[in-house]
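Asker: dropping the sequence and predicted coords here.
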Amino acid sequence: MKELVKLVDPSIAVVSEIFVVIGEAFQKGQLYRTEIFFQTVETRYEAMTATDKDMFKEYISSKGGQKIISDFAIAVSSTPSTIVNASLALLYSQDPEFNFSKSELERFIAAVSGLTDRKVDFLLEIQNLSPSTKESLYPVYVVNKDNFEVLERVVDVDELFIYVSDFQSRGLVLMDVDQQKNFRFANKFDGVKWSVNFCLSDTQVRYIALLRKAKELVA
């Protein structure tokens, strides 16, 4: 049948071949993401004690474990970041350093879904900044022209504003309580001055620590 179609309209055959190539590339991309996930799980599994291995096998066979892996599978398939997929694998394999509650786990999966490695690298870098001395419920971090050089190797100025806004909507960073100064630009008499303010909660710091460990595993 395919040969008959090629004889009738060669252009259709060309389009069909392109679809096949695209489909194969898509499948390879999905396979690569799942391989990162399973390789990280395997690394973690090999480090478990015999008792922990038995408990883990019992967990992944349980109804709750099946529900968790389905959520993880969706996140992995929609996320191009190898760092994120490795972090999900660490959580799935119950890394003892990151004993998140059910709600914290759900928040993390939702927050990192769809992230790229570039965005994750930026998130890891901003956590290295020293918080300001300003009194606040959570530590306040300020990025401006004076300290931006620490970040410019991983992000451009315009991306800085876009990424911080994206992280706020995801719940990976918090908006500074003093919203008037959260995104601040000078008027024409002040020269070129700008700043971006955000906060990090204890839970968000733990999320970043998880991503940092995951990056070390896949580096």
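Answerer: Cool, got the structure.
Asker: for the rest of this, base every contact and every neighbour count on C-alpha atoms.
Answerer: Noted.
Asker: list of residues touching stretch 211-219?
Answerer: Applying Cα atoms under 8 Å, 6 or more residues apart in numbering, the contact partners of stretch 211-219 are T40, T82, I83, V84, A86, S87, L90, V120, L124.
Asker: mind doing that once more with 7 Å?
Answerer: I83, V84, A86, S87, L124 (Cα atoms under 7 Å, 6 or more residues apart in numbering).
Asker: buried set for it?
Answerer: L211, R212, K213, A214, K215 (16 or more other Cα atoms under 10 Å).
Asker: then stretch 118-132?
Answerer: Applying 16+ other Cα under 10 Å to stretch 118-132 flags K119, V120, D121, F122, L123, L124, E125, I126, Q127, P131 as buried.
Asker: secondary structure element for the fourth one, which one?
Answerer: So that's F122. Using DSSP states H and E, the element containing F122 is helix 117-126.
Asker: tell me the angle the helix or strand just after that helix makes with helix 117-126.
Answerer: Where DSSP H and E defines the elements, the next helix or strand beyond helix 117-126 is strand 140-144. Orientation check (axes from the mean of the first three to the mean of the last three Cα atoms, to 10 degrees): strand 140-144 against helix 117-126 gives 110 degrees.
Asker: packing partners for the helix or strand that strand 140-144 is followed by?
Answerer: Tracing the chain past strand 140-144, the next element assigned as helix or strand by DSSP H and E is helix 157-170. Applying 3 or more Cα pairs under 7 Å, 6 or more residues apart in numbering; DSSP states H and E, one finds that helix 157-170 contacts no other helix or strand.
Asker: let's go with 8 Å and repeat that
Answerer: Contacts defined by 3 or more Cα pairs under 8 Å, 6 or more residues apart in numbering; DSSP states H and E place helix 157-170 against helix 102-112.
Asker: picking that back up, which one of the buried residues of stretch 118-132 is nearest to G65?
Answerer: V120 (26.9 Å; Cα to Cα).
Asker: roughly how far apart are S78 and T34?
Answerer: Distance of S78 to T34, computed by Cα to Cα, to the nearest Å: 11 Å.
Asker: can I get the helix or strand where K57 lies in CSV? Just the C-alpha atoms.
Answerer: Following DSSP H and E, one finds K57 within helix 50-61. Extracted C-alpha coordinates of helix 50-61, given in CSV (Å, rounded to 0.1, in the frame of the first residue of the first chain):
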residue,chain,number,x,y,z
ALA,A,50,19.1,-5.2,52.4
THR,A,51,16.3,-4.2,54.7
ASP,A,52,15.8,-0.9,52.9
LYS,A,53,15.7,-2.8,49.6
ASP,A,54,12.9,-5.0,50.8
MET,A,55,10.9,-2.1,52.1
PHE,A,56,11.4,-0.2,48.8
LYS,A,57,10.2,-3.2,46.7
GLU,A,58,7.2,-3.5,49.0
TYR,A,59,6.5,0.2,48.6
ILE,A,60,6.7,0.4,44.8
SER,A,61,4.4,-2.7,44.6
